[in-house]
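# from the sequence below, what's the structure:
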Amino acid sequence: MTTPSTTEAEKAAREVVDRLVREGQMRRSEGARLLRDGLPIILQGFALGRLRGKSEDAITADLEDERDKAERRHASARTITARRSALLSLTTAEFAIAAWEGLRRDLAAHLAATS
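Residues are numbered from 1 along each chain as shown. Okay, here's the model as predicted:
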C-alpha cells in the first residue's frame, strides 16, 4: 500500500501561516519553524487518534471546541501576556483545523486514486 501524500494538509497549514505573517502576528521564521516542526507532530496526532478509533467527526468537533475556547479566552484577555497566550492557542487551533481539513482532502484523493 502506498503512503498518501499530505500536500493539501501542507498547503492549508501554509495558508494559515501566510495569513498570520501578513497580519503581523507571526514572523516568517516562526511560520517556517511551525510548518517544519509543528505540522508533522499535528499530523502524527491525527493518525494516532484515528488508529485508536476516534472518528473523523469527533476529531473535527474537538478541534472546533478548542478553537472556540481559544477565541473566548482571547476575547476576555485583559493583560498583554494573557492576550499573547490566548493568541498562541488560537493560532494553534486554526493551524490544526486547516491541517486536518487538508489531510481529509489528501486522504480522499489517495483513496480515489487507489480504488
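
# ok, residues contacting stretch 50-67?
46, 49, 89-90, 93-94, 96-97, 100, 104 (CB atoms under 8 Å, 6 or more residues apart in numbering). Using the backbone N, CA and C atoms, a C-beta is placed for each residue, glycine as well.

# swap in stretch 26-41?
Contacts of stretch 26-41 (CB under 8 Å, 6+ apart): 9-10, 13-14, 17-18, 20-21, 91, 95, 99.

# go again using 7 Å as the cut-off
10, 13-14, 17, 20-21, 95, 99 (CB atoms under 7 Å, 6 or more residues apart in numbering).

# Thr81 versus the residue sitting nearest the centre point of the chain, what's the distance?
The C-alpha lying nearest the average C-alpha coordinate of the chain belongs to Ala96 (CA atoms, centre = their mean; 1.4 Å). Noted for Ala96: a distance of 23 Å to Thr81, by CB to CB, to the nearest Å.

# again with Ala70
15 Å.
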